[in-house]
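[1] starting from these lines, generate the structure:
(chains A and B)
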Protein chains: 2
Amino acid sequence: MKLYGYWRSTTSYRVRIALNLKGIGYEPLSVNLVAGEQSGDAYTRVNPGRGVPALELDDGRVLTQSMAILDWLEEVYPDPPLLPADPVDRARVRAAALGIATDIHPVNNLRVVGKLKSLGHDQDTATAWMNDWMTRGFTAFQSLIRPETPFCFGDTPGLADLCLIPQLYNAHRWGCDLAPFTRLTEIEARCLALPAFAEARPEAQPDAT
Amino acid sequence: MKLYGYWRSTTSYRVRIALNLKGIGYEPLSVNLVAGEQSGDAYTRVNPGRGVPALELDDGRVLTQSMAILDWLEEVYPDPPLLPADPVDRARVRAAALGIATDIHPVNNLRVVGKLKSLGHDQDTATAWMNDWMTRGFTAFQSLIRPETPFCFGDTPGLADLCLIPQLYNAHRWGCDLAPFTRLTEIEARCLALPAFAEARPEAQPDAT
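    You can find the predicted model right below:
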């Protein structure tokens, strides 16, 4: 498999963690979002939606949207599982993960920050914008996960953890106050001690600058 | 089951369609987002995440996040299916649906528009903001679905259709130019001719004003 991604893209980071957790080897291919490569002819042939990540299967078919890729991985490579077996438990893990995927990341990504700047706002306003959504989103996330398990929902990391850790990377990057979220930073420390997470970190990617 | 929602909430609209398609009866309960009821004590006890929809099961357990609720419905009430059987086909339907759920809706919802206004922008700027994300998102969506089927991916409506139709409702509401998206408006006409969609329309809800 080939994974088109970008080192700092939190959605690419999610999929890297999942591939590592499931022990699936892949070839990383960099799409430089800052240079606009996602809108170039070469990449729009891979993904007309112009986003990363995209996962190219060995038969050439391409999957897009990180949350859809994660569901595909879970269906085709079920072991180790990213979701519990009970439907209501699954829905709760998905809800926490989707809180990050729909309520935090989309309002904070490069496209949105670029648009804020095109409306005349400076970096300080953009940073405050990002941190506000993260604070609201982490507050909701912390109320949705289990209160005392080593990872968000149990003894092993799963879908909620692999969405949380990349978003915390962004939180550190933009100086978000994480003091109210010790439950989350404790989970972060436990996750980053695992090779599957450590090797997926942005700084560990070949295109990191 | 009880569905907490709001007539104009597109995420509530998605779940109403799915419940109707699967023939599941439910009691609709209104959470007035414009009046801020989602942040009141009564509702935050139901959903600390303060969003709609929330689905309360007969045993009192509550599911949140529309895309997680839809996955739960599909797992527990598989007939008729909202997703195809093949994993890659499923991933493609999910990717199109998630394009709306992550790339359009979150940057256009009431919270974000409210924040734009708090930064000093007027309704015209907010409307242009919303229409820009819809135009980009519909362009991507139209490239991801199948070109000639009656519905987005086949002969029956599924997950992509039930995300599309509520977003088109918003597009009409905000005057988004849909001329480039005749494939989508043709699908919309076919969907709205079905009772499952027609009865889920915002205007058909008891809390519509």
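
[2] check which helix or strand covers A:Leu63.
    A:Leu63 is part of strand A:62-64 when elements are defined by DSSP states H and E.

[3] neighbouring strands - and their directions - for that strand?
    strand A:54-56 (antiparallel) (DSSP bridges).

[4] can the longest helix along chain A be said to contact chain B?
    Counting residues, the longest helix found in chain A (DSSP state H) is helix A:123-144. Yes - counting by Cβ under 8 Å from any Cβ of the partner chain, chain B has neighbours in helix A:123-144: A:Thr125, A:Trp129, A:Asp132, A:Ala140, A:Ser143, A:Leu144. (Each C-beta comes from the backbone N, C-alpha and C, glycine too.)

[5] what subset of those residues is buried?
    For the residues of helix A:123-144 next to chain B, a burial check counting by 16 or more other Cβ atoms under 10 Å in any protein chain shown picks out A:Trp129, A:Ala140, A:Leu144.

[6] got TSV for those residues, with distance to B:Ala171 too?
    Converted to TSV, those look like this (distance: Cβ to Cβ, whole Å):
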residue	distance to B:Ala171
A:Trp129	25
A:Ala140	28
A:Leu144	31
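
[7] which one of these is nearest B:Gly40?
    The closest of these to B:Gly40 turns out to be A:Ala140 (Cβ to Cβ; 15.8 Å).

[8] residue contacts, the closest residue in space to that closest one that isn't next to it in sequence?
    Closest residue in space to A:Ala140, ignoring its immediate chain neighbours: B:Gly49 at 4.0 Å, by Cβ to Cβ, 6 or more residues apart in numbering or on different chains. Taking Cβ atoms under 8 Å, 6 or more residues apart in numbering or on different chains, we find B:Gly49 in contact with A:Ala95, A:Gly99, A:Asp103, A:Ala140, A:Ser143, A:Leu144, B:Thr64, B:Gln65.

[9] any idea how far the fourth one is from A:Ala96?
    When distance is defined by Cβ to Cβ, to the nearest Å, A:Ala140 is 9 Å away from A:Ala96.

[10] now the fifth one
    In this structure, A:Ser143 and A:Ala96 are 9 Å apart, going by Cβ to Cβ.

[11] what's around A:Asn20, how many residues?
    Other residues within reach of A:Asn20, judged by other Cβ atoms under 10 Å in any protein chain shown, total 19.

[12] pretty sure it contacts A:Glu199?
    Yes - counting by Cβ atoms under 8 Å, A:Glu199 is a contact partner of A:Asn20 at 5.8 Å.

[13] check for me that A:Leu3 belongs to a strand.
    Yes - using DSSP: H, G, I helix; E, B strand; the rest coil, the assignment for A:Leu3 is a strand.

[14] can you check the pLDDT for the residue lying closest to it once chain neighbours are set aside?
    Among residues not flanking A:Leu3 along the chain, A:Tyr26 sits closest, at 4.8 Å (Cβ to Cβ, 6+ apart). In this model, A:Tyr26 is scored at 98, pLDDT.

[15] same check, this time on A:Arg50
    The model's pLDDT for A:Arg50 equals 87.

[16] how close does it get to A:Phe141?
    A:Arg50 is 28 Å from A:Phe141, by Cβ to Cβ.

[17] quick one, which of these two is more surrounded?
    A:Phe141 (26 against 23).

[18] reduced to three states, what does A:Leu184 come out as?
    Under three-state DSSP, A:Leu184 falls in the helix class.

[19] that one touches A:Leu144, doesn't it?
    No - the criterion here is Cβ under 8 Å, and A:Leu184 misses it with A:Leu144 at 11.4 Å.

[20] which ones are touching A:Leu98?
    With Cβ under 8 Å, 6+ apart, A:Leu98 has these contacts: A:Met67, B:Gln65, B:Met67, B:Ala68.
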